[in-house]
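Asks: got a predicted structure here, sequence first:
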Amino acid sequence: MKGSLTVVGTGIRSVAQTTLESRASMEGADRLLYLVADPVTEAWLRQLNPTHESLADCYREDLKRIDSYHEMVARTLAYVRRGEHVCLAFYGHPGVFVYPSHKAVAEARAEGFDAVMLAGVSAEDCLFADLGIDPADHGCQSFEATDFLMRRRRFDPTSHLILWQIGVVGEIGYRPDQRFHRDGLAVLVEYLLESYPANHQVTVYEAAQYAVCDPIVDVCSLERLLDADVTAISTLYVPPRELGVSDPEMLQRLGLKQHTARRAS
C-alpha cells in the first residue's frame, strides 16, 4: 500500500477549534503524529487514535529550532515511506508559522506521495475576533518579528500591523522554560518608534488556550512595551497611526468620489 500524508491543525483553543474534517483525518490515520501546546488537547488526541506519537521530543536545548523541525519532517516521512496513511497534527493552523508542515508536504509530494494540508484556526484568526479587527478596514500587514527587523520590511503605518513571536526576537534555539532575553524586543521597539509616536497605543495579545479562560489583551504605549509581560507566544498588534489618504487620480480612474472613498474605508 502506498503511503500518504494529511497535515491538520487543532486550533488554538483546546479541542473546541478542531474542524470536523481534521478530526476525521486524525481518527482514521494509520499513524497520528502531533505537536500541540496544551495537555488537554494532547490527552484528547491520545484517546482519538491509539497510534498517537508526540513530536515534542524533537525539541532539545542542544539543537537549533530548524534542526528540530527537520527531525520532525524526517520522522513523518519515514512512516509515509512505509506505506502508512499519516496524519500530522499541529496546534493552530498547520500552515501558519509551522515550517515542518510545509516542508513535510513538499517532500512527500516530491517523492510521489499524496499529501494535503487542511485549514485550521490560527492565533491571528482569534486576534481578529477578540480585538474586533476587520482586515478589510485599512488593510492588514502581518510579519514574523525577527524577519521584520532583519529585512527592514517596508510597511504602511496607516494599516493594521501584526507582529508574531515578539518574545523570541533573534532567538534560534529552544529553551524548555520558554523564557527569553528581551534585547531583541528592545530593538523592535526602537525600530517601530521610527514610524509611530512614543505614546501610540499597542496591544500585546495571546489567544485563550481554554474555553474557560479569557485571552490576554495588554494595552500599553509603544514606549512602555518593554515593561509589558511578553512571552514566547505573544503577538503584537499595532493599530493604524492615522487614516490613509485617498489618491485623487486613482479615485478618478475608478469613478469614485471622495466621500464614497471615506465610506469604503
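Replies: Here it is on my side, so go on.

Asks: what helix or strand does residue 103 sit in?
Replies: helix 99-110 (DSSP states H and E).

Asks: buried residues in the helix or strand just after that helix?
Replies: Counting by DSSP H and E, the element after helix 99-110 in chain order, helix or strand, is strand 114-117. By neighbour count with 16 or more other C-beta atoms under 10 Å, strand 114-117 contains the buried residues 115, 117. C-betas here are computed from N, CA, C, even on glycine.

Asks: counting contacts, what elements does strand 114-117 pack onto?
Replies: Packing partners of strand 114-117 (3 or more C-beta pairs under 8 Å, 6 or more residues apart in numbering; DSSP states H and E): strand 4-9, helix 99-110.

Asks: for residue 191, give its distance to residue 99.
Replies: When C-beta to C-beta, to the nearest Å is applied, the distance between residue 191 and residue 99 equals 24 Å.

Asks: again with residue 125
Replies: 19 Å.

Asks: go on, residue 219?
Replies: 31 Å.

Asks: report the contact partners of the residue nearest to residue 183 when sequence neighbours are not counted.
Replies: In this structure, residue 183 finds its nearest non-sequential neighbour in residue 170, 7.0 Å apart by C-beta to C-beta, 6 or more residues apart in numbering. When the contact criterion is C-beta atoms under 8 Å, 6 or more residues apart in numbering, the partners of residue 170 are 146, 183, 184, 187.

Asks: is residue 227 in contact with residue 220, as I believe?
Replies: Yes: counting by C-beta atoms under 8 Å, residue 227 does reach residue 220; the two are 7.2 Å apart.

Asks: and the two? Which one has more around it.
Replies: A count of neighbours by other C-beta atoms under 10 Å puts residue 220 above the other of residue 227 and residue 220, at 14 against 9.

Asks: so the more buried one belongs to a helix, correct?
Replies: No: under DSSP: H, G, I helix; E, B strand; the rest coil, residue 220 sits outside any helix and is assigned strand.

Asks: and residue 24, helix, strand or coil?
Replies: From three-state DSSP, the assignment for residue 24 is helix.

Asks: quick revisit: pick the most buried one from the helices and strands packed on strand 114-117.
Replies: Per-stretch averages of neighbours, counted by mean count of other C-beta atoms under 10 Å, single out strand 4-9 among those, with a mean of 25.

Asks: mean confidence score for that strand?
Replies: Mean pLDDT, computed over strand 4-9, is 99.

Asks: what does stretch 138-145 give?
Replies: 96.

Asks: could I get the buried residue list for it?
Replies: 138, 140, 141, 142, 143, 144, 145.
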